[in-house]
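*Asks:* Below are the sequence and a predicted model; questions follow.
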Amino acid sequence: SVYVGSMYPDYSQIISQDEVITDQYALTGNLICIMANRISHFLGFTGESKTIDTACSSSHYAVHDAVNCLQNGKSKYAIAAAVNIFLEPWRYISLSKARMISPDGLSKTFDISANGYVPGEGVGVLLLQRVEDAIQQKNHIYGIIKGVAVKHGGSSAHLASPSVHSQRDVILEAYETANISLESVSYIEAHGTGTSLGDPIEFEGLTQAFNTYTDKKHFCFVGSVKSNIGHLEPASGIAGIIKVLLMFKHKIIPESLHIQNINPLLNKEYSALKISQKRSQWQGDYPLRAGVSSFGFGGANAHLVLEEVEIKKSKDKSNVLEKYPFLLSAKSESSLKGLIDNWKQFIESENFLNMNVADICGTLIHGRRTFEYRVGTWIRNKNEIKDFFENTIDVKNNVKTNKPVLFINEVISDTLKIDKIINMFPVLQNSYDDFLNAYETISENRDIEINNGTINTFIQLYLRAQLLLLLDLNPDLISGVGLGFYVALLC
């Protein structure tokens, strides 16, 4: 599923000018829905696909919908993204007349001289997956979303007027959803636009939320990435999330910039918060936790709870393959030679030394398209990758451009448990589900007797054949003998 936060129609402003000719792409290139739909179309994603506009909280709302989609089991993966670019001056003009932009170009969040925000440009993308699935597939996890809440502020003095109570309430709802106490949170990434009205209101809303859980004072740091890169408006929330994920990685709380004198309107004496005015080590009880706020000027508020993760590496080697498929491919002979030359340089680099062979081969299989010109082998370790390139003399001798025939035997030389094959090659999960569905229509029973030797062999042959097809083997003919013949019919 794909969820994209966006806000402004700058491209539409450009194409509406008199000197710009309207062509057939003017409509599809500027409808806001296409921003998410084009990603789904280009990458072949079939889950939900929508662009979300709640002004400055758009990216948090995108994450909120992505999390719900995963929790409801509608998708196995979800992309939450947001983007902000300035192409036309009309925004600057309007915001300047509203006195919302800092005239000196500095975002001074929580400072007494805060005089407006600094517009910024940027794009951020998060790939989300259920925690248990990510652990099972051994994917790298940057952090865990423990809870996310969205609410509107309701009626206020005027449309863009923030409310202490509405901000407090959405923060409390996020921690209720996460089922954790605010007392366990040691950093808050504030919305922090650097305005004389917004900063004290946000600080008070956070203070009231913390006071609901604890009487402790000055234990939780607060800062804002807007002092570094400006206000990315619809992408500001995702910028704050990425900042916190990097903080988890480096265990550092960065300084919130441009603070000379703290705004006396901040109720800091009676607050759990302390403003991050210098770079410090992030210390605390494991796991580290942080909150990220994002508030839309139209009243659409959001808060997200993040937690660091530490996945202990298992010493169990039962899932380690004896051999891994190593495959390079290109569209032409010259391109393949160039790719081989690049790899010969890469295997001498420090990056190569820091990688493991399973990740290298897995990325080449699942993360790269396969083309007609190919070289490959089976390897056990990185030394064998080096040996492979040293022994590769002529690309022509390794390239097979004629389409092959896939012939499936009725026996297999080595047997693995079905779940182990799926764990090693998660891309086969859909193929396995298809088999279960087909089996259910025949037997009216989805519970397969895996211990049955014939059925077990059939499934293993089917999954191995499907892996070759997913690698774009693209044979002219699929056939087999004995049990392999029926596998070929299913393929």
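*Replies:* Perfect, I can see it now. Given the structure is predicted, the values throughout are model-derived calculations rather than measurements. Residues are numbered from 1 along each chain as shown.

*Asks:* Quick one: residues contacting Val357.
*Replies:* Going by C-beta atoms under 8 Å, 6 or more residues apart in numbering, Val357 touches 324, 379-382, 385. The way it works is simple: take the backbone N, C-alpha and C, and place the C-beta from them, glycine included.

*Asks:* one more time with 7 Å
*Replies:* By C-beta atoms under 7 Å, 6 or more residues apart in numbering, the contact list for Val357 reads 324, 379, 381-382.

*Asks:* can you pull the pLDDT of it?
*Replies:* The score at Val357 is 89. That number is its pLDDT.

*Asks:* what's the weakest-modelled helix or strand in this structure?
*Replies:* The weakest-scoring helix or strand in the chain, judged by mean pLDDT, DSSP states H and E, is helix 395-398 (a mean of 52).

*Asks:* what's the next secondary structure element after that one?
*Replies:* Sequence-wise, the next helix or strand downstream of helix 395-398 (DSSP states H and E) is strand 405-408.

*Asks:* which helices and strands sit right next to that next one?
*Replies:* When contacts are defined as 3 or more C-beta pairs under 7 Å, 6 or more residues apart in numbering; DSSP states H and E, strand 405-408 packs onto helix 453-470, strand 477-480, helix 483-490.

*Asks:* Could you work out which of those reaches nearest to Val125?
*Replies:* Nearest of these to Val125, taken as C-beta to C-beta: helix 453-470 at 25.0 Å.

*Asks:* for the record, mean pLDDT for the closest one?
*Replies:* For helix 453-470, mean pLDDT is 83.

*Asks:* by contact count, what packs against it?
*Replies:* Counting contacts by 3+ C-beta pairs under 7 Å, 6+ apart, helix 453-470 is packed against strand 405-408, helix 429-443, helix 483-490.

*Asks:* is the spatially closest residue to Gln260 that is not a sequence neighbour in a bridge, and if so with what?
*Replies:* Leaving aside its chain neighbours, Gln260 sits nearest to Asp111 (6.0 Å; criterion: C-beta to C-beta, 6 or more residues apart in numbering). Note on Asp111: beta-bridge partners by DSSP bridges are Ile262.

*Asks:* can you count the residues close to Asp111?
*Replies:* 23 (other C-beta atoms under 10 Å).

*Asks:* Look up the closest residue to the residue most central in space within the chain, ignoring the ones flanking it.
*Replies:* Nearest to the mean C-alpha position of the chain, by C-alpha atoms, centre = their mean, lies Leu127 at 1.7 Å. Nearest non-adjacent residue to Leu127, counting by C-beta to C-beta, 6+ apart: Ile79, 6.0 Å away.

*Asks:* just checking, Ile422 touches Asn430?
*Replies:* No: using C-beta atoms under 7 Å, Ile422 is not in contact with Asn430, being 10.3 Å away.

*Asks:* separation between Ile187 and Val150?
*Replies:* If you look again at residue 187, you'll see it is Tyr, not Ile. Counting by C-beta to C-beta, to the nearest Å, the gap from Tyr187 to Val150 is 21 Å.

*Asks:* likewise Ile262?
*Replies:* Ile262 sits at a distance of 30 Å from Val150 (criterion: C-beta to C-beta).

*Asks:* So which of the two has more stuff around it?
*Replies:* Comparing Ile262 with Val150 by other C-beta under 10 Å, the one with more neighbours is Val150, at 21 against 15.

*Asks:* Report the beta-bridge partner residues of the more buried one.
*Replies:* Listed by DSSP bridges, the beta-bridge partners for Val150 are Ala302.

*Asks:* how near is it to Ala82?
*Replies:* Counting by C-beta to C-beta, the separation of Val150 from Ala82 is 15 Å.

*Asks:* One more: Leu27?
*Replies:* Using C-beta to C-beta, one gets 23 Å for the distance from Leu27 to Ala82.

*Asks:* Ok, Val481 next?
*Replies:* The gap separating Val481 from Ala82 is 55 Å, by C-beta to C-beta.

*Asks:* and what of His231?
*Replies:* Distance from His231 to Ala82, by C-beta to C-beta: 13 Å.

*Asks:* Comparing these two, which shows the higher neighbour count?
*Replies:* When His231 and Ala82 are compared for neighbours, Ala82 comes out ahead with 34 against 28, by other C-beta under 10 Å.

*Asks:* between Ile422 and Asn430, who's got more neighbours?
*Replies:* Neighbour comparison, Ile422 and Asn430: the larger count goes to Ile422, with 18 against 12 (by other C-beta under 10 Å).

*Asks:* Around the spatially closest residue to Gly298 that is not a sequence neighbour, how many other residues sit close by?
*Replies:* Ranked by C-beta to C-beta, 6+ apart and with sequence neighbours excluded, the top spatial neighbour of Gly298 is Ala55, at 5.2 Å. Ala55 has 20 neighbours, counted by other C-beta under 10 Å.

*Asks:* List the contacts of Ala55.
*Replies:* 7, 234, 296-298, 300.

*Asks:* So which of those are in strands?
*Replies:* Among the contacts of Ala55, the members falling in strands are Ala300 (criterion: DSSP state E).

*Asks:* Which pLDDT does the model give the residue lying closest to Ser181 once chain neighbours are set aside?
*Replies:* Distances taken as C-beta to C-beta, 6+ apart put Tyr213 closest to Ser181, at 5.1 Å, once the chain neighbours are dropped. At Tyr213, the model reports a pLDDT of 95.

*Asks:* What of Ile393?
*Replies:* Ile393 is assigned a pLDDT of 53 by the prediction.

*Asks:* got it, and Phe435?
*Replies:* pLDDT recorded at Phe435 is 81.

*Asks:* so where do the helices sit in the stretch 101-250 of the chain?
*Replies:* Ranges of helices within the stretch 101-250 of the chain are 131-136, 164-178, 198-213, 226-229, 236-250, based on DSSP state H, counting those that start in this stretch.

*Asks:* and the closest residue to Pro404 other than its chain neighbours, how far is that from Ile365?
*Replies:* With sequence-adjacent residues excluded and distances taken as C-beta to C-beta, 6+ apart, Pro404 is closest to Pro475, at 5.1 Å. Separation of Pro475 from Ile365 (C-beta to C-beta): 18 Å.

*Asks:* Show me which of those two is the more surrounded one.
*Replies:* Legend: neighbour count by other C-beta under 10 Å for Pro475 and Ile365, higher for Ile365 (18 against 15).
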